[in-house]
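[1] Here is my input, please return the structure:
(one chain, ligands or ions: 1)
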Amino acid sequence: MVEVGPVAHGGHCVARLDGQVVFVRHTLPGEQVRIRVTEDAGRYLRADAVEVLRAADGRVTPPCPVAGTCGGCDFQHVDPAVQRRLLGDVVQEQLRRLAGIDREVVVEEVLPVLGWRTRMSWAVDPDGRPGLRRHRSHEVVPLEQCPIAHPDLPAVLGHRWTGQGVDAVVTSVGQRLVAADAPVPHDLEVDVVADADGRTTDGVATLDELVHDRPFRVAGTGFWQVHPAAATTLVDAVLASAEVRPGDVVADLYAGVGLFTRFLAEAVGPDGSVVSVEADRTASRLAHDDLADLSQVDVVPGTTERALHSGRVATADVVVLDPPRTGAKRAIPAIAALEPRRIVYVACDPAALARDVSSLRARGYELSGLQAFALFPMTHHVECVATLDRA
Ligand SMILES: C[S@@+](CC[C@H](N)C(=O)[O-])C[C@H]1O[C@@H](n2cnc3c(N)ncnc32)[C@H](O)[C@@H]1O
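    Sure thing, here's the model as predicted:
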């Protein structure tokens, strides 16, 4: 039995068992729970709460029958408003610990909290049943339904599959894709069928998305925001934070198919410019083709680090960056060396964000704004938009 302490980054809470730190899943701060140790990592233990002896406010009955077994969610047992409070505590703690910043963080609600995943990568068990993996395991939990999956996704669950996995996507315009190394059942309503690499006989399968009435094309299995409200939420937050002016020079780094690039380019107008840097070849090609109507946009394929060091990005009034989960550690010195008046950092990992904010502070930037959004309800993931100004 343990007394559960604060929430930690990763979907668990911290407790102590005989003086040793234990990261406990499926619990809440302030609870008293019986645990089952799942891993001894030497310096700490990992455990699951298996019985709640004293429940905390905010504990609810999970909407999913396999919550606690399936590794797809972390917080099904927590009321969504309390989930957001926990996420805010995590971001606040990371900023305090890694960047020396003491700041209250309010995580904004984004609806819906169920039925939001428009992109699912289902794993397939040895019997061909699709599902999701257990937490920190290769074992597949077969599923008949998944409450966080978007209701309009192709009905992959309920069919048997061969191969390693099945990707299912539904876009903002209702296009539906299945990507698998297996025949797709005839009764499955899909618009695009691709192989497991997201390819058709014509090449990479692309899908259509619409954001504030602007069309985008994206590779079927390439990067696109998953929550149906994510793209508009982030575009609005980035534009409000960046405060770009007509004629500004802007760098959009880790730009994907140019989601932010298009709106930033419209804001700087024909007298300004936006350089859009993306390492993934397909995404960069789509950005190049689909942003061709904006003469102020320069799409640079390749890594951000290379674009900065080669001089393809040599100056910027404003830098927007949206790196993957690992953050932008290697690019930060060169970004700061551009001396933009403002940096807008979109982050899906608060620890990487806090580390990079610390690095920017050491180079003369201060955090002037922070928004956080619950774009992945029921999970420990949270999206932040941080604004930094040159001191
Ligand atoms: C979180 S996504 C953001 C994409 C885009 N901003 C959007 O919202 O659609 C991160 C992107 O960075 C790209 N990427 C990863 N490492 C990179 C690097 N070193 N340099 C440039 N792009 C990179 C990925 O291919 C991916 O498209």
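
[2] where does the stretch 251-391 of the chain come near the ligand, residue by residue?
    Counting by CB under 6 Å from any ligand atom, the residues of the stretch 251-391 of the chain lying close to the ligand are 254-256, 259-260, 277-280, 283, 303-305, 322-324. Yep, even glycine has a C-beta here, placed from its N, CA and C like the rest.

[3] now with 8 Å?
    Residues of the stretch 251-391 of the chain that fall close to the ligand, judged by CB under 8 Å from any ligand atom: 252-260, 277-280, 283, 302-307, 322-325, 331, 346, 348.

[4] Among those residues, name the ones in helices.
    Counting by DSSP state H, these place 259, 260, 283, 304, 305, 306, 307 in helices.

[5] Let me have the residues you listed in a markdown table, extended by distance to residue 235, pLDDT and neighbour count.
    Putting these into a markdown table (distance: CB to CB, whole Å; pLDDT from 0 to 100; neighbours: other CB atoms under 10 Å) gives the following:
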| residue | distance to residue 235 | pLDDT | neighbour count |
| --- | --- | --- | --- |
| 259 | 7 | 98 | 26 |
| 260 | 7 | 98 | 26 |
| 283 | 17 | 98 | 23 |
| 304 | 20 | 98 | 23 |
| 305 | 25 | 98 | 15 |
| 306 | 26 | 98 | 15 |
| 307 | 22 | 98 | 23 |
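
[6] Can you say which of the residues of the stretch 251-391 of the chain next to the ligand are buried?
    By neighbour count, with 16 or more other CB atoms under 10 Å, these hold 252-260, 277-280, 283, 303-304, 307, 322-323, 331, 346, 348 as buried.

[7] Just give me the neighbour total for the nearest residue to residue 295 once chain neighbours are set aside.
    What sits nearest to residue 295 in space, not counting adjacent residues and going by CB to CB, 6 or more residues apart in numbering, is residue 270, at 6.6 Å. Applying other CB atoms under 10 Å, we find 12 residues neighbouring residue 270.

[8] Next one: residue 270 from residue 388, what distance?
    As for residue 270, its distance to residue 388 is 28 Å (criterion: CB to CB, to the nearest Å).

[9] tell me which element residue 83 falls in.
    Residue 83 is part of helix 80-99 when elements are defined by DSSP states H and E.

[10] partners of the next helix or strand after that helix, with directions?
    Note on helix 80-99: by DSSP H and E, the next helix or strand toward the C-terminus is strand 107-108. Strand 107-108 has the following strand partners under DSSP bridges: strand 365-373 (parallel).

[11] The helix or strand just after the strand it pairs with: partners in the sheet, and parallel or antiparallel?
    Moving toward the C-terminus from strand 365-373, the next helix or strand (DSSP H and E) is strand 383-390. Strand pairing for strand 383-390, using DSSP bridges, gives strand 342-347 (antiparallel), strand 365-373 (antiparallel).

[12] Just name the most buried of these.
    Sort the strands paired with strand 383-390 by mean neighbour count, taking mean count of other CB atoms under 10 Å, and strand 342-347 sits at the top with a mean of 26.

[13] could I get that strand in PDB with only the CA atoms?
    Taking Å, rounded to 0.1, in the frame of the first residue of the first chain, the C-alpha atoms of strand 342-347 are listed here in PDB:
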ATOM      1  CA  ARG A 342      10.200  36.800 -31.100                       C
ATOM      2  CA  ILE A 343      10.300  33.000 -31.000                       C
ATOM      3  CA  VAL A 344       7.100  31.000 -31.000                       C
ATOM      4  CA  TYR A 345       7.800  27.400 -29.900                       C
ATOM      5  CA  VAL A 346       5.100  24.800 -30.400                       C
ATOM      6  CA  ALA A 347       5.900  21.800 -28.200                       C
END
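
[14] could we number from 50 for the rest of this?
    Will do, 50 is the new start, and the previous item becomes strand 391-396.

[15] Look up phi and psi at the residue nearest the centre of the chain.
    What sits nearest the mean C-alpha location of the chain, by CA atoms, centre = their mean, is residue 397, with 4.7 Å. Main-chain dihedrals, residue 397, degrees, to the nearest 10: phi -100, psi 0.

[16] measure it to residue 413 for me?
    From residue 397 to residue 413 the distance is 26 Å (CB to CB).

[17] helix, strand or coil for residue 265?
    Assigned with DSSP: H, G, I helix; E, B strand; the rest coil, residue 265 falls in the strand class.

[18] contacting residues around it?
    Residues near residue 265 by CB atoms under 8 Å, 6 or more residues apart in numbering: 257, 258, 259, 306, 307, 308, 311, 335, 339.

[19] Between those, which sits nearest the ligand?
    For these, the minimum distance to the ligand (CB to the nearest ligand atom) is 4.1 Å, reached by residue 308.

[20] Quick one: the strands in the stretch 200-349 of the chain, in order.
    Listed in chain order, the strands of the stretch 200-349 of the chain (DSSP state E, counting those that start in this stretch) span 214-219, 225-229, 241-243, 248-249, 252-253, 255-260, 263-268, 298-302, 322-327, 346-350.
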